[in-house]
Every structure is written in C-alpha cells, then in structure tokens.
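>>> Task: produce atomic coordinates for the following.
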Amino acid sequence: MKVTKIVVWCAIAALVCGGGVLSCKKKKEGAASAAKIQVTFAGTEAPSTGQSRMMQEVADQLNASGRFDVSVQVNGALGTTDDLVSQAKSGVPLVIPSDPGRLASQFQIPDLNILMAPYVMTDITALEKLPDTAIFKEWQKQLEAKGVTFVADMYNGFRSFYTTTPVTNVAGLKGLRIRGFGNNIGNALAKYLGFANIGIPWGEVLPGIQQKTLDGCEIQVATAYGSAIYEVTKYLALTKHYMLQSSFVCSTKLLTDMPEADRKLFLDTISKTAKKYGDIVASEEAGYYQQMKDKGVTITEVDLKEFEAAIAPLYTNNDLGLSPGLKDRLFKELGL
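The predicted structure is shown next:
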C-alpha cells in the first residue's frame, strides 16, 4: 500500500510539473530568474532638474534590458530624503539621491562631511576620480555595514542664498531665517554666517517664504528655478558655499539579492549616467542663472574671500568632527 501511494504521488507530480519532480524544480528556478527586479528611484527635486532626469534615464536603460522594472518618483512624492534612506536601510528596494552631509549625520560617519564642507570641494572634475580613491572605498564599507550602499556621487550644482532682502556681504545674512540642511553642515554654516537655520522639507519652503516664516533659502540654481523660488525671492547672493553632490545610495540587500550580471549592469548604468548628468548640470547652470534674471531676480557677485574668512573658524574649532589630516589625505588621493 505504501509503495502504491508513492507511485501515485510521483505520477501526479509528473503531470503537474510536466516532466517529473526535477523538471518542476527547474521550471520554478527558471521562473525566478526570469522575474524582473523591482526598483524605485525616489528623489525630492522637480522633474526638470538634472538629478531627476538622470534617474529617469537610468530607469529607461534598465527597463530596456528586460531584467528590471524600475519606476521613478520625484518632487518628494514618497517622503523626505532621510526617511527614504532609512527605508532602504531596512531592505526596501529604493535608490535615493542623498548627499554627503546628510549621510554623515544619519549614519554617524563625520568624515563624509568633508565632501560637502563649505569652500573645501570646489573642483567639479575631482568627483570623477572620487570612486577610485581608498578613502571613498572606506566610506562605502562603513555604509554597507549599516545596510546601505554608496553607489555614485554626482555633481548637482553650487548652492547660494535666495532671499527676500538684498544680501551683499556676510552681515546681510545676520538674523535671517533661512531654510538649509537640517544637519551638522547646515548648522555649522548658519553658526558662522549668522543666520537662523530652518531645516524643514523642501516642499514647505515656497509657502514658508510666502507666509513670511522664512526669509529665504540656500539651494542650487536648478532646483530654485524648477521650484519657482523666483516668485517669492528676488535676490540671489552668489556665495557658492557648497558644491552639492547627489550621493546615490540603495539598499545593500537589494544588491546582494541580484544575480551578479544584473548587479553589474545596475551599478555600471548608475555610475555612467551620474557622470553624464554631472557634466550636464554644470553646463546648464549659466542658463538657469540667466533665466532667474529674466524672472526679475537680482544676482549679486559677493566677495567670496569674505565668506571663506567667516567660515574659517569652523575648521579651527572642528565643528564637523573631521579626522586630523583628512583634507590633505583626500586631496592627495584626488590629485589636487
């Protein structure tokens, strides 16, 4: 009786699987390998910015491969940058453009601040060499140990001050309520330039200025224009205090779960497209400044040396908690 039951079970399995137990197993494995990899790219900038366009191009390329099902969400549709990075850390299949300062604060890696520290990184071309440096690879390992992978670092424009009153020097910022980064870098900038740093989500900035709870913001020109900041601020002080970078991070689990060939395609596509759009962002900045002028914004070329001098105590006091000799090491590895 037992033998009969076994024979019957095997016959049913053969019919269901279309060729026996081994054939069934192979079909399941084949179906799993053929399943598309689900990924969402999520950012907070407007669709017109280089960062958002970069993500869409990556999605288009990956989807065209037939191996991925990638969607793109912009304008903060899925939440704030830090919240999205936290989701990625927990394993959600997300790719998020954060920045070095945010990552430094969120994951307690102070040395990452050097990439966004005021008036330190000023050479756009240096970012192309960054992924090959030993120091960058160390930062990657530190982040991977915490659940996220630092995939690429893209130039995303110099940040300056957009205000409701003219700012022609450091003193002009004193007492103003400025939306900036709600992290150590943002707080340090405010401390030495004399303004009140208001770290609210970007989507609240335009209404905040309209309601006079803010006097302005510090942001890159593409985002300022794409968000119509010219409607509420008519003055731009060209301080260029940060070289903003879009630091693309994703769930480490997302990568480790991918077949090797797909993982390589995924990483290579993001890296190459980030380089391409970093160059595009740099080439488009002059045009955006002209469009701001056309919208009635007065642009002031401030004395950068005055602003650099005001920021200098930040490094003397080491407010950002940088390791001794970090800048020299980074510059050496970058060939600067």
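>>> Quote the end-to-end distance of stretch 103-123.
Terminal residues of stretch 103-123 are spaced 21 Å apart (CA to CA, to the nearest Å).
>>> same check, this time on stretch 251-259
15 Å.
>>> Is A309 part of a helix or strand, or is it coil?
helix (DSSP: H, G, I helix; E, B strand; the rest coil).
>>> Report pLDDT for it.
Note on A309: pLDDT of 98.
>>> wait, what's in contact with it?
Going by CB atoms under 8 Å, 6 or more residues apart in numbering, A309 touches no other residue. For the C-beta atoms, the positions are set from N, CA and C on the backbone; glycine is no exception.
>>> How much space separates it from V232?
30 Å (CB to CB, to the nearest Å).
>>> ok, now V72?
28 Å.
>>> And the pLDDT at T164?
Listed pLDDT for T164 reads 98.
>>> Please look at it and Y230 and confirm they touch.
No - contact criterion CB atoms under 8 Å: T164 and Y230 do not qualify, at 11.7 Å.
>>> neighbour-wise, which of the two wins?
Using other CB atoms under 10 Å as the criterion, T164 and Y230 rank with Y230 on top: 18 against 15.
>>> If we ignore the residues flanking it in sequence, what's nearest the more buried one?
K295 (3.9 Å; CB to CB, 6 or more residues apart in numbering).
>>> Where do the strands of the stretch 1-150 of the chain begin and end?
37-42, 68-73, 94-98, 148-163 (DSSP state E, counting those that start in this stretch).
>>> do you know which of these lies nearest Q108?
strand 148-163 (13.1 Å; CB to CB).
>>> The closest one pairs with which strands?
Using DSSP bridges, strand 148-163 pairs in its sheet with strand 216-220 (antiparallel), strand 235-251 (antiparallel).
>>> Just put those strands in a markdown table and tack on distance to G79.
A markdown table is the format used below for these (distance: least, CB to CB, whole Å):
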| stretch | distance to G79 |
| --- | --- |
| strand 216-220 | 19 |
| strand 235-251 | 15 |
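>>> These: which one's closest to R329?
strand 235-251 (18.4 Å).
>>> Beyond that closest one, next helix or strand please.
Where DSSP states H and E defines the elements, the next helix or strand beyond strand 235-251 is helix 252-256.
>>> I'd like the average pLDDT over that next one.
Mean predicted confidence for helix 252-256 is 96.
>>> next helix or strand past it?
helix 260-294.
>>> Now do that following helix against strand 37-42, angle only.
Put simply, helix 260-294 runs at 20 degrees to strand 37-42, going by axes from the mean of the first three to the mean of the last three CA atoms, to 10 degrees.
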